[in-house]
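Undergrad: From the sequence below, what's the structure:
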Amino acid sequence: MQEVPSITAGSRRDEDIALDLMKFVAMTTGYGRTASGGVGFQGGGTVAKPEEYAAHLLELYGKCLSAVEKK
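TA: Numbering: from 1, shown residues only. Modelled structure (predicted):
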């Protein structure tokens, strides 16, 4: 049986925090979404293909991870 590293209450990995931050930004701003004709802030612009959307999300995750690691 493998030992699970002891994690104190409230401690989280930087990667998990960055992922939650990326989800929040992507959902609230529509970052990287395809054109929907919506009103308001459209985040990272519009893309036409799922591959481009995924690339935008990976880029956003990298930015979020960098920001969290600088804390």
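Undergrad: Mind listing what's buried along the helix ranked longest in the chain?
TA: Identified as the longest helix of the chain according to DSSP state H is helix 50-69. Along helix 50-69, the positions that meet the burial threshold by neighbour count (16 or more other Cβ atoms under 10 Å) are Y53, H56, L57, L60, Y61, C64, L65, V68. Using the backbone N, CA and C atoms, a C-beta is placed for each residue, glycine as well.
Undergrad: Need those in TSV (columns: distance to M27 and pLDDT).
TA: Rendered in TSV, the data for those read as follows (distance: Cβ to Cβ, whole Å; pLDDT from 0 to 100):
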residue	distance to M27	pLDDT
Y53	13	87
H56	13	91
L57	11	93
L60	11	95
Y61	13	96
C64	13	96
L65	18	96
V68	18	95
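Undergrad: got a markdown table for those residues, with distance to R13 too?
TA: As requested, these are exported to a markdown table (distance: Cβ to Cβ, whole Å):
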| residue | distance to R13 |
| --- | --- |
| Y53 | 25 |
| H56 | 23 |
| L57 | 19 |
| L60 | 18 |
| Y61 | 14 |
| C64 | 13 |
| L65 | 10 |
| V68 | 9 |
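Undergrad: which one among the residues you listed gets closest to F24?
TA: Comparing the buried residues of helix 50-69 against F24 with Cβ to Cβ places C64 closest, at 9.1 Å.
Undergrad: could you measure the closest one against T28, distance?
TA: Summarising the geometry, the distance separating C64 from T28, computed by Cβ to Cβ, to the nearest Å, is 13 Å.
Undergrad: Next up, the contacts around L57.
TA: M22, A26, Y31, G32 (Cβ atoms under 8 Å, 6 or more residues apart in numbering).
Undergrad: Can you check what angle separates the host helix or strand of the second one from helix 50-69?
TA: Under the assignment given by DSSP states H and E, the secondary-structure element containing A26 is helix 14-29. In this structure, helix 14-29 runs at an angle of 120 degrees to helix 50-69, with axes from the mean of the first three to the mean of the last three Cα atoms, to 10 degrees as the basis.
Undergrad: Show me which positions of helix 14-29 end up buried.
TA: Using 16+ other Cβ under 10 Å, the residues of helix 14-29 that count as buried are I17, A18, L19, L21, M22, V25, A26.
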